[in-house]
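Participant: pasted the sequence and its predicted model underneath.
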Amino acid sequence: MQQTRPDLSGEIRFSVPLVLVIPLGAVVVIAALTWSFSRILLSLPAGAATTVAILTAANILGACTFLALRPGLPRATVFEVVLVALYPVIIGLVMVQAGFGVTEEAGASEGGGEQSVPAGPATDSIVAEGTEFNADEIELAAKKPTDFEIENRDAVIHNLLIYQTEADAADPNNSLFKSPDIAAGATDSFPIKPLKKGDYYFVCAYHANMNGTVKVG
Ligand SMILES: [Cu+2]
């Protein structure tokens, strides 16, 4: 009887701050986990991010099922199960550290940009987004002007220059055609002067990676 009393008061003293500490602590831990996991997923290539996310979700579900079915597990085993459930996160972290992630730097992600390029060539308009054109081929009719539109969805200026060859682009004076500058967020149209039948090279004067082929026929 006497031994239960100090235990009881100890419980009461503890339970007062815990009422606040447990939910607040849980919120902080969950927020930190969510944020760091989202950073991992964002820095992974799209395919790998989905796989890591699905594996993590499946593993956590599996681990929770395992724990729920065996409530009497010793602490060491619970820790092991949690560790196994977090393996995809650890693998994701390793992948990020090993440089599998795509760089978030605009213009440096030529690989990522290719995914946004549609199969068809541009004929009368092109979209600039993420320092990429949404087409790597422009098709024009020979010997007549084309009304062409650039939609600039970026926060930086873009334009369109046409050269006979890629080598010619080393000197802007070689350009056969130069569009006006398209301001950030602006959409502008302009006539492209008539060109003879053949293949040409187009590029944004501000971003050498925004380039492609003009096919005039
Ligand atoms: Cu540009």
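Facilitator: Nice, I can see it. Numbering: from 1, shown residues only.
Participant: check which residues of stretch 124-138 are buried.
Facilitator: 126, 127, 128, 131, 132, 133, 134, 135, 136, 137, 138 (16 or more other Cβ atoms under 10 Å). For every residue, glycine as well, the C-beta is placed using N, CA and C.
Participant: so the nearest residue to the third one once chain neighbours are set aside bridges to which residues?
Facilitator: Ranked by Cβ to Cβ, 6 or more residues apart in numbering and with sequence neighbours excluded, the top spatial neighbour of residue 128 is residue 158, at 4.4 Å. Using DSSP bridges, the beta-bridge partners of residue 158 come out as residue 182.
Participant: how close does residue 158 get to the ion?
Facilitator: Residue 158 sits 3 Å away from the ion, going by Cβ to the ion, to the nearest Å.
Participant: and what of residue 26?
Facilitator: Relative to the ion, residue 26 is positioned 47 Å away (Cβ to the ion).
Participant: go on, residue 73?
Facilitator: 59 Å.
Participant: likewise residue 17?
Facilitator: Distance from residue 17 to the ion, by Cβ to the ion: 57 Å.
Participant: one more: residue 66?
Facilitator: Taking Cβ to the ion, one finds residue 66 at 53 Å from the ion.
Participant: that residue belongs to a helix?
Facilitator: Yes: under DSSP: H, G, I helix; E, B strand; the rest coil, residue 66 sits within a helix.
Participant: so it touches residue 82, yeah?
Facilitator: No: the criterion here is Cβ atoms under 8 Å, and residue 66 misses it with residue 82 at 10.4 Å.
Participant: for the spatially most central residue of the chain, what are its contacts?
Facilitator: Centroid-nearest residue in the chain, with Cα atoms, centre = their mean: residue 42, separated by 5.9 Å. If you count contacts by Cβ atoms under 8 Å, 6 or more residues apart in numbering, residue 42 has them with residue 49.
Participant: kindly state the pLDDT recorded for it?
Facilitator: On the pLDDT scale, residue 42 is placed at 74.
Participant: what strand or helix carries it?
Facilitator: Element membership for residue 42, per DSSP states H and E: helix 4-43.
Participant: same check, this time on residue 126
Facilitator: strand 125-128.
Participant: give the rounded mean pLDDT of that strand.
Facilitator: 96.
Participant: what about that strand, near the ion?
Facilitator: No: with Cβ under 5 Å from the ion as the criterion, the ion is not reached by strand 125-128; the gap is at least 6.1 Å.
Participant: what of stretch 197-204?
Facilitator: Yes: shown here: stretch 197-204 in contact with the ion (Cβ under 5 Å from the ion) through residue 204.
Participant: buried stuff in that stretch?
Facilitator: Buried, per 16+ other Cβ under 10 Å, within stretch 197-204: 200, 201, 202, 203, 204.
Participant: and for stretch 37-57?
Facilitator: 37, 40, 41, 43, 44, 48, 49, 52, 53, 55, 56.
Participant: tell me which of those residues is nearest to the ion?
Facilitator: Comparing the buried residues of stretch 37-57 against the ion with Cβ to the ion places residue 43 closest, at 24.7 Å.
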